[in-house]
Structure formats: C-alpha cells, structure tokens
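Asker: no FASTA, just this:
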C-alpha cells in the first residue's frame, strides 16, 4: 500500500448507486464525494473516516474489504466499502449505502 494520493476507480455497483443518489438525494451525494476525496487525498487513516475492516465481505479476488464513514451519528448512516488494489496506489470503491 502506498501513501496518498490514491487512485480511486469505482465498480459498476458504486457508480450506479452514486448516480442514483445524485438524482434522489443531492446532499448525500455531496457527502459521498467528500468521503471519496478524503480517501484519495488524505488516505484511509484520516480520522473522520473511521476506517475499519469489514469482516462480512471479501473483494472479487478475496481482498480484504474496508468500511469508511460517509455519515456518523445519523439513523441509517451511510458507509463506503472499498479494497486496496489492484495497484499499490489504488483504492477500488466497491459500493456505498446505509450501514447494515
């Protein structure tokens, strides 16, 4: 894993949810974009992201999936799930949605 800045490619699932959120909830869309910007520019260890391992899911090649906060202390707070790779300077955005 490299240091920031990271490349942040998105899966089709992430892109679909992001586009739908842009239409249905512009305020949440803005929060998602801020989270992606912080991941890319500051890295996952940025304090407000509260990044931690997400044990219930693996990436398509068995990668460890991580969870970062989009919102906190809000009913149905949203999270962003991602994994490192494929390159050392890459964070692949898996999906985004309400905390299960």
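Answerer: Sure thing, it's come through. Since we're looking at a predicted model, the values are computed, not measured. Residues are numbered from 1 along each chain as shown.
Asker: okay, CA-based contacts and neighbour counts for the rest of this
Answerer: Fine.
Asker: just the pLDDT at residue 14, thanks.
Answerer: Note on residue 14: pLDDT of 98.
Asker: what number of residues lie near it?
Answerer: For residue 14, the neighbour count with other CA atoms under 10 Å is 20.
Asker: A helix includes it, no?
Answerer: Yes. Using DSSP: H, G, I helix; E, B strand; the rest coil, the assignment for residue 14 is a helix.
Asker: list the contacts of it.
Answerer: 93, 94, 95, 96 (CA atoms under 8 Å, 6 or more residues apart in numbering).
Asker: got it, and residue 49?
Answerer: Here residue 49 is in contact with 35, 38, 68, 69, 70 (criterion: CA under 8 Å, 6+ apart).
Asker: mind listing which of these are in helices?
Answerer: Those of the contacts of residue 49 mapping onto helices are 35, 38, per DSSP state H.
Asker: coming back round to it: distance to residue 54 added to the contacts of residue 14, as CSV?
Answerer: CSV is the format used below for those (distance: CA to CA, whole Å):
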residue, distance to residue 54
93, 14
94, 12
95, 13
96, 13
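Asker: alright, I will stop here.
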